[in-house]
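Peer 1: no sequence for this one, just the structure:
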Ligand SMILES: [Ca+2]
């Protein structure tokens, strides 16, 4: 029987042996293809930038949306739905990745929206914000 005091050093020694095993040709480390963890939207990072010096926008102005999204693997796409105040029409805005982590595309996603004469007058609201990963795992931020 091994005394409890000696068990920890033996475990540590066994772990070290595994850690020191050299990788040999033909060694394959397979990673599961199943991505079961959905992306995460940081709702506090969601912000809208108006053209410099403006607090209201008119036809021809461009508004920028930005939000931070992370995933355990890879964020594939991020959308924002903007709801108009009069017609209640939903405008889908596809954001593009603006970060530096190309491996997982974790970070800031941005999109520009240009005001046209078909945009309702009044205060449009961000209704929803969707994010997807490679397996279509999704996250939803609902602004109700
Ligand atoms: Ca994922």
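Peer 2: In hand now; what should we look at? Please read these numbers as outputs of a predicted model, since none were measured by experiment. Numbers count the residues shown, from 1 in each chain.

Peer 1: neighbours around the closest residue to residue 64 other than its chain neighbours, how many?
Peer 2: Taking C-beta to C-beta, 6 or more residues apart in numbering, and ignoring the residues beside it in sequence, residue 64 has residue 49 as its nearest neighbour in space, at 4.3 Å. All C-beta spots, glycine's among them, are computed from the backbone N, C-alpha and C. Residue 49 has 12 neighbours, counted by other C-beta atoms under 10 Å.

Peer 1: Ok, residue 93 next?
Peer 2: Other residues near residue 93 come to 16 when the count uses other C-beta under 10 Å.

Peer 1: what about it, helix or strand, and which?
Peer 2: strand 90-97 (DSSP states H and E).

Peer 1: now residue 40, nearest residue through space, not along the chain?
Peer 2: residue 70 (5.1 Å).

Peer 1: To clarify, my last question referred to residue 127.
Peer 2: residue 83 (4.2 Å).

Peer 1: That neighbour contacts residue 92, doesn't it?
Peer 2: No: Residue 83 is not in contact with residue 92 according to C-beta atoms under 8 Å; the separation is 10.8 Å.
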